[in-house]
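# the sequence and its predicted three-dimensional model are supplied below.
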Amino acid sequence: MEAHALTARLTNRIEFPYLVMLMSGGHCLLAVVEGVTKFKLLGTCIDTSPGDMFDKTARRLKLKSLPHLEDMCGGAAIEHLALQGDPHKFEFPSVLSHFKNCNFSFSGLQYMAKKYIEIEEKELGLGAATVIPSAADLCASLQFAAVNHLGKRLYRAFLFCDMKELLPKVKRTLVLSGGVASNSYIRNSLAYIAEYFDCEVVCPPGRLCTDNGVMIAWNGIEKLTQGVDMIYSNFDEVIAEHRSPLGVSLVDEVVEADLKVNKISTHLLKGQKTSSKGGAFTSC
């Protein structure tokens, strides 16, 4: 997670502190990066990650059976097919809408997608290898629901950072990292929220979002340069953990802040901006 958060500094001049939103096949989190080893965690995923949700939904949709999608990973296939779909065709629940935190949950969206697929397969009597006719609409609707959830959490994170003065007032940076950040629809929509808070968005190149070898090597270089967390001997004293926490958790403080996310104007359809009227995010 540290490596993901720092990867953007390999290709861009980014000064501490900055906000990072990590979206991958194994994680989803929001944190303020104050240094190479100094992080303040604002929110984390409590169940299924967004990348895992997209991959498993693509597998359930049997998208690899479509010739033009057979060489794509699940998330890329959903993004590609969603371009042809209606993001309002299927209704997905508003996730964690009653919880004023920055945590993430994607298991409910994955479950609803599975139910929609099962219903259509049963109604049309489709075989095991047949893709449902409304697959493009389902992909578009699922993306819409996912980015709506991600956007609300990001918006609250900005409010919290402003309240606690965790980010500079000028020259602020949001780093979008992880494999899901390579989804242009999601990236463009979240970038519009960042623009609302006068924040520049930096996203590492796609190959760096998924190349764990490069990001871990860069993380080592950052630590070596700063002279922190270096182990020269006494390896027996190193503590190994199954899942090491990222920095200091401020998750409970975000809840205590009781920050309401008001409607904000954005056009999520195909990730493009629109006029200042209307609203894609509901209050929560």
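Cool, got the structure. Numbering: from 1, shown residues only.
# quick one, what contacts Gly178?
With contacts defined as Cβ atoms under 8 Å, 6 or more residues apart in numbering, Gly178 is in contact with 4, 22-24, 27-28, 51, 209. For every residue, glycine as well, the C-beta is placed using N, CA and C.
# so which bits of stretch 11-25 are buried?
Residues of stretch 11-25 classed as buried under the neighbour-count rule (16 or more other Cβ atoms under 10 Å) are 14, 17-25.
# export that stretch as CSV, just CAs?
What follows is stretch 11-25, C-alpha atoms only, in CSV (Å, rounded to 0.1, in the frame of the first residue of the first chain):
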residue,chain,number,x,y,z
THR,A,11,7.0,10.0,-12.8
ASN,A,12,5.8,13.3,-11.3
ARG,A,13,7.2,16.0,-8.9
ILE,A,14,4.8,15.7,-6.0
GLU,A,15,5.4,17.4,-2.7
PHE,A,16,4.1,16.1,0.6
PRO,A,17,1.5,16.2,1.9
TYR,A,18,-1.0,14.9,-0.7
LEU,A,19,-4.2,12.9,-0.8
VAL,A,20,-4.1,9.4,-2.3
MET,A,21,-7.1,7.3,-3.4
LEU,A,22,-6.0,3.7,-4.1
MET,A,23,-8.3,1.5,-6.1
SER,A,24,-7.2,-2.0,-7.0
GLY,A,25,-8.1,-5.7,-7.1
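# contacting residues around Pro133?
With contact taken as Cβ under 8 Å, 6+ apart, Pro133 is in contact with 120, 124.
# how close does it sit to Glu123?
Applying Cβ to Cβ, to the nearest Å, the value for Pro133 to Glu123 is 11 Å.
# over to Ser105?
The gap separating Ser105 from Glu123 is 29 Å, by Cβ to Cβ.
# and those two? Which one has more around it.
For Ser105 against Glu123, the residue with the higher neighbour count under other Cβ atoms under 10 Å is Ser105, and the figures read 18 against 9.
# contacts only, for the more buried one.
Taking Cβ under 8 Å, 6+ apart, we find Ser105 in contact with 45-48, 95-96, 149.
# pretty sure Val36 is touching Val228, no?
Yes - counting by Cβ atoms under 8 Å, a contact exists between Val36 and Val228, whose distance comes to 6.0 Å.
# between the contacts of Ser105, which sits nearest Gly220?
Relative to Gly220, the closest of those is Cys45; by Cβ to Cβ it sits at 25.7 Å.
# who are the contact partners of the nearest residue to the closest one once chain neighbours are set aside?
Across the structure, with Cβ to Cβ, 6 or more residues apart in numbering as the measure, the residue nearest Cys45 apart from its sequence neighbours is Cys28 (4.0 Å). Cys28 sits next to 22, 44-45, 49-50, 104, 106, 150, 178, 180 when contact means Cβ under 8 Å, 6+ apart.
# let's see which of these end up in helices.
Under the assignment DSSP state H, the contacts of Cys28 contribute 50, 150 to helices.
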